[in-house]
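S.K.: Fold the following, please.
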Amino acid sequence: GPILKEKVIWKQWIGISLGFFGTILVLGFDIGELIPIKGLLVTLVALLSATLGTLFQKKVSGNLALSVSSFFQAISASVFLFFAMLIFEKPFINTNPVFILSMGWQIFAVSFGAFTILMYLIKVDSASKTSNLFFLIPPVSVFMAWLFLNETITIYDFVGLIISSLGVYIATREKSK
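M.R.: All right, here's what the predicted structure looks like:
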């Protein structure tokens, strides 16, 4: 709110709290067992980075076209990941059909599709409302893993999905007229 001069009302804070609680409920009981602490820390850094990127995007790029904005994000992420790869990995690409399909999905559906939708939402709506949608990622991922991959879904996962969904609804709904 203060950074972008957006008014975040108390109902939105309730929604944010519920979204956060629901996400923690989905993730919380697996931390240390199925979710390594190192993975959680990397996820928290990614979440912080996405939040800061969303705030920066909304603050400075109000007049940029979505294609230009997406281009700058892709270039900056590529440069960062290139150097991270040189530091932490031995570069190797196994070009097989699975790799080509996976990269095609990442480039076209995720990079162009999802980022363009995200940048559009940031441009036309408040950053606080748009960033609340991130609370749905872990619960919906658990549900999709159950639906498509036959993974186990616990009562905590199901309740977390309901609470997160309710929180996002409260935080993002329009005021009654």
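S.K.: Where do the strands of this protein begin and end?
M.R.: Ranges of strands in the chain, per DSSP state E: none exist.
S.K.: for it, where's the lowest mean pLDDT among helices and strands?
M.R.: None of the helices or strands of the chain scores lower by mean pLDDT, DSSP states H and E than helix 127-132, at a mean of 71.
S.K.: Grab the nearest non-local neighbour of Gly15.
M.R.: Ala171 (2.7 Å; CB to CB, 6 or more residues apart in numbering). (C-beta placed from N, C-alpha, C; glycine too.)
S.K.: Tell me how far the residue lying closest to Leu161 once chain neighbours are set aside lies from Asp157.
M.R.: Spatial nearest neighbour of Leu161, chain neighbours left out: Pro139 (3.8 Å); criterion: CB to CB, 6+ apart. For Pro139, the distance to Asp157 equals 7 Å [CB to CB, to the nearest Å].
S.K.: Model confidence at the most centrally placed residue in the chain, what's the number?
M.R.: In the chain, the centroid-proximal residue (CA atoms, centre = their mean) is Phe134; its distance is 4.3 Å. According to the prediction, Phe134 has pLDDT 79.
S.K.: Need the nearest residue in space to it, chain neighbours excluded.
M.R.: Using CB to CB, 6+ apart, the closest residue to Phe134 is Ala50 (6.8 Å).
S.K.: how many neighbours does that neighbour have?
M.R.: Residues lying near Ala50 (other CB atoms under 10 Å) number 13.
S.K.: where in this structure is pLDDT low?
M.R.: 1-6, 29-35, 54-55, 57-64, 66, 125-128, 174-177 (pLDDT under 70).
S.K.: Helices of that one, residue ranges please.
M.R.: 10-28, 37-60, 66-88, 97-104, 115-124, 127-132, 137-149, 155-172 (DSSP state H).
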